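K.L.:
What would the 3D arrangement of this be:
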Amino acid sequence: MLHDYDLSITREMVDDAFQKGSSFVGGTDDNLIKVIVKKEKDAERLIMEIRKRKNELWPNMEVFAYRFAV
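P.N.:
Purely as a prediction, here's the structure:
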């Protein structure tokens, strides 16, 4: 998703943003995006898109837990 937003985003940038974002209050994915994407409206749009995709892939935590427990 981030690479779709900006092709210049590298894995190193994501790793750095993860470290910074994980120290903030809130969801790690949300914080990571807020660190990388400087425009607040773009960040919020990406956050909503990622949440939507996650809900489509894992409609509930039982499915999520099962897929990773097996």
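K.L.:
The chain: helices as residue ranges?
P.N.:
With DSSP state H as the criterion, the chain has helices at 2-5, 11-21, 28-36, 40-57, 61-69.
K.L.:
could those go into CSV alongside mean neighbour count and mean pLDDT?
P.N.:
All C-beta spots, glycine's among them, are computed from the backbone N, C-alpha and C. Output for the helices of the chain, formatted as CSV (neighbours: other C-beta atoms under 10 Å; pLDDT from 0 to 100):
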stretch, mean neighbour count, mean pLDDT
helix 2-5, 13, 75
helix 11-21, 14, 87
helix 28-36, 19, 87
helix 40-57, 13, 87
helix 61-69, 10, 57
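K.L.:
Point to the residue nearest the middle of this structure.
P.N.:
With distances taken as C-alpha atoms, centre = their mean, the residue of the chain nearest its centroid is D29 (3.2 Å).
K.L.:
so that residue sits right up against M48, yeah?
P.N.:
No - with contact taken as C-beta atoms under 8 Å, D29 and M48 are classed as non-touching, separated by 11.4 Å.
K.L.:
Common neighbours of the two, please.
P.N.:
Between them, D29 and M48 have no joint contacts when contacts are counted by C-beta atoms under 8 Å, 6 or more residues apart in numbering.
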